[in-house]
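Chemist: what follows is a protein structure lacking sequence information:
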């Protein structure tokens, strides 16, 4: 059914769009609050009745005496949405130009917005459309009516479009208004979804921070307990009592199994204030999984256990009794060769301790083809103990991780990294700090093998201290 939409029918639509800043300039209220002024002589006229005629003829409401203006050049009238539009009487002969993107462009029909500037003819005068607010245009100011629900607005727009009595330009703006309603609904849906995701992300970040804070408190508690345990042990030793110390399970209840194991190894190397970050803990856990999987699936587990039970206790005795090294250092043999006496690397390192020829000769091992002491358990183990003692003395026992990296990579390489990055302070010469260093091309200073070496050392200690848990043996 064709419906003729009157200005009263569109009041709710106008207010609804004004509320949402959509088409606010097309949907203003009564005509007595509109004015048009010409630029030639500064004329101004209220749009007090429609149609409002503009031209140089004396019978027009706005008279512009200009050669480029026709007798009746343009007419201002209401459009279907209750706003105002200016249309040329003869667009081909008397065009209207509107400013778009900084230039005046010809057209035959312009929807008037507040402060819209148009030109009558290519060389004609400019006119400016103004919307006068409440109190500026005299009495008769219409009161805003109640806003219509969105569904009623859509229904009215559909009725206006279905009326069939709209001009082409008005049909275009009605369709445009309908599209804006659909776009507004889409934006509202995405905005709701975005707010939900943002709240979920904030909740996740807060929960992560809480977990990190709890982990930090646990580590601080464990370090404090370790420091107290070491001080207690030294006091007991000074009084001539046995060096029996409380177990990690009793003193570090707040730490997980991997963290407790790392702290136990650090205490064996007399680190007075152990410092652990989550990166190191996660690296050790990863190496534990890799080593256990290798032993259970890819290697001769029984053969490995036989070599471990045969050689490892001897290595611990030699390290502890003859060189005063922590027994935990014996696990270097596990990482280097899995206790194979004849293990050989691609770079020519040989034996259980993987000595190169130069290092072996420096520590008194014969490397002749006929007789190579690197494959002799007793000689090579004592040479490895002396080498580790020298590294611990060079870098410090409390920097044992740096010393282990030097055993794998070479002490000169480690020292060159310190010099190249100007690490002069002892607090900077730590293994976790070394892992953060980068060259100019963005690559890591420490090679991957050395980066994994220290976590593998911790992993071997943890597995070896609890074979039944990790290997079921």
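Modeler: Everything's here; your move. Fair warning: this is a prediction, and the values are worked out from it, not measured in the lab.

Chemist: show me how far stretch 314-321 is from its chain's centre.
Modeler: Put simply, stretch 314-321 sits 50 Å off its chain's centre (Cα atoms, centre = their mean, to the nearest Å).

Chemist: contacts for that stretch?
Modeler: Applying Cβ atoms under 8 Å, 6 or more residues apart in numbering, the external contacts of stretch 314-321 come out as 325-327, 329-330, 333, 377, 381-382, 385, 388. The way it works is simple: take the backbone N, C-alpha and C, and place the C-beta from them, glycine included.

Chemist: report the buried members of those.
Modeler: With burial judged by 16 or more other Cβ atoms under 10 Å, the buried subset of the contacts of stretch 314-321 is 325-326, 329-330, 333, 377, 381-382, 385, 388.

Chemist: which of these sits closest to residue 274?
Modeler: Nearest to residue 274 among the buried ones among the contacts of stretch 314-321, counting by Cβ to Cβ, is residue 326 at 14.0 Å.

Chemist: next, count neighbours for the residue nearest to that closest one when sequence neighbours are not counted.
Modeler: Spatial nearest neighbour of residue 326, excluding adjacent residues (Cβ to Cβ, 6 or more residues apart in numbering): residue 268 at 4.3 Å. The tally of other residues near residue 268 (other Cβ atoms under 10 Å) stands at 15.

Chemist: centre of the chain to the helix or strand that contains residue 290, how far?
Modeler: Using DSSP states H and E, residue 290 sits in helix 278-293. Relative to the centre of its chain, helix 278-293 is centred 25 Å away, using Cα atoms, centre = their mean.

Chemist: ok, and what's touching the helix or strand containing residue 415?
Modeler: For residue 415, the enclosing helix or strand under DSSP H and E is helix 411-420. Helix 411-420 is contacted from outside by 391, 394-395, 402, 405-406, 423-424, 429, 434, 437, 445-446, using Cβ under 8 Å, 6+ apart.

Chemist: quick one: buried residues of the one helix or strand residue 259 maps to?
Modeler: Assigned by DSSP H and E, residue 259 belongs to helix 257-268. For helix 257-268, burial by neighbour count (16+ other Cβ under 10 Å) applies to 258-267.

Chemist: repeat for stretch 300-316
Modeler: Quick answer for stretch 300-316 (16+ other Cβ under 10 Å): 304, 307-308, 311-312, 315-316.

Chemist: again, but for stretch 456-470
Modeler: Buried residues in stretch 456-470, counted by 16+ other Cβ under 10 Å: 456-464, 470.

Chemist: which two of those residues lie the greatest distance from each other?
Modeler: The widest separation within these (Cβ to Cβ) is 15.5 Å, between 457 and 470.

Chemist: so what's residue 209 up against?
Modeler: So residue 209 contacts nothing (Cβ under 8 Å, 6+ apart).

Chemist: mind checking the SS state of it?
Modeler: helix (DSSP: H, G, I helix; E, B strand; the rest coil).

Chemist: now it: how far from residue 473?
Modeler: 41 Å (Cβ to Cβ, to the nearest Å).

Chemist: show me where the stretch 151-300 of the chain has helices.
Modeler: With DSSP state H, counting those that start in this stretch as the criterion, the stretch 151-300 of the chain has helices at 168-238, 248-251, 257-268, 278-293.

Chemist: pLDDT weak spots in the stretch 101-250 of the chain?
Modeler: Scanning the stretch 101-250 of the chain for pLDDT under 70 picks out 131-178, 181, 215-250.

Chemist: sorry, back to before: what's in contact with the helix holding residue 290?
Modeler: Outside helix 278-293, the residues that touch it by Cβ under 8 Å, 6+ apart are 212, 215, 258-259, 261-262, 432, 435, 452, 455-456, 458-460, 462-463, 470-471.

Chemist: circling back to that earlier point, just want the angle from the helix holding residue 259 to helix 278-293.
Modeler: Computed with axes from the mean of the first three to the mean of the last three Cα atoms, to 10 degrees, the direction of helix 257-268 lies at 100 degrees from that of helix 278-293.

Chemist: other SSEs contacting helix 257-268?
Modeler: Contacts defined by 3 or more Cβ pairs under 8 Å, 6 or more residues apart in numbering; DSSP states H and E place helix 257-268 against helix 168-238, helix 248-251, helix 278-293, helix 448-465.

Chemist: run through the strands of the stretch 251-400 of the chain in chain order.
Modeler: Taking DSSP state E, counting those that start in this stretch, the stretch 251-400 of the chain contains no strands at all.

Chemist: one step back: off-centre distance for the helix holding residue 259?
Modeler: The answer for helix 257-268 is 33 Å, by Cα atoms, centre = their mean.

Chemist: and residue 323, how many neighbours?
Modeler: Residue 323 has 15 nearby residues by other Cβ under 10 Å.

Chemist: and the gap between the closest residue to it other than its chain neighbours and residue 411?
Modeler: Closest residue to residue 323 apart from its sequence neighbours, by Cβ to Cβ, 6+ apart: residue 385 at 4.3 Å. Residue 385 sits 16 Å away from residue 411, going by Cβ to Cβ.

Chemist: contact partners of stretch 367-386?
Modeler: Contacts of stretch 367-386 (Cβ under 8 Å, 6+ apart): 311, 314-315, 318-319, 322-323, 325, 332-333, 341-342, 350-353, 355, 357, 360-361, 363-366.

Chemist: narrow these to those that are buried.
Modeler: 311, 315, 318-319, 325, 332-333, 341, 350-353, 355, 360, 363, 365.

Chemist: and the chain, what are its domain boundaries?
Modeler: As given by automatic domain parsing, the domain ranges for the chain are 7-134+144-166, 257-470.

Chemist: could I get the ones you listed as TSV with distance to residue 197?
Modeler: Shown next, in TSV, are the domains of the chain (distance: least, Cβ to Cβ, whole Å):
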stretch	distance to residue 197
domain 7-134+144-166	25
domain 257-470	27
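
Chemist: go through these and name the closest to residue 200.
Modeler: domain 257-470 (23.5 Å).

Chemist: kindly check the end-to-end length of the closest one for me.
Modeler: Start and end residues of domain 257-470 are separated by 11 Å (Cα to Cα, to the nearest Å).

Chemist: stretch 79-91 now?
Modeler: Start and end residues of stretch 79-91 are separated by 18 Å (Cα to Cα).

Chemist: and if you look at stretch 427-440?
Modeler: End-to-end distance of stretch 427-440 (Cα to Cα): 23 Å.

Chemist: what lies in contact with that stretch?
Modeler: Residues outside stretch 427-440 that contact it (Cβ under 8 Å, 6+ apart) are 275, 277, 279-280, 395, 399, 401-402, 405, 414, 417-418, 421, 423, 444-446, 451, 454.

Chemist: gap between residue 201 and residue 211?
Modeler: Applying Cβ to Cβ, the value for residue 201 to residue 211 is 16 Å.

Chemist: thinking again about what came up before, now the angle from the helix holding residue 415 to helix 448-465?
Modeler: Angle, helix 411-420 to helix 448-465, by the same axes, to 10 degrees: 120 degrees.

Chemist: how far does helix 411-420 sit from the chain's center?
Modeler: 34 Å.

Chemist: ok, now stretch 344-362?
Modeler: The answer for stretch 344-362 is 46 Å, by Cα atoms, centre = their mean.

Chemist: again with stretch 188-199
Modeler: Its chain's average C-alpha position is 18 Å from that of stretch 188-199, according to Cα atoms, centre = their mean.

Chemist: which members of the contacts of stretch 314-321 are the farthest-apart pair?
Modeler: Pairwise distances across the contacts of stretch 314-321 peak at 20.3 Å for 326 and 377 (criterion: Cβ to Cβ).
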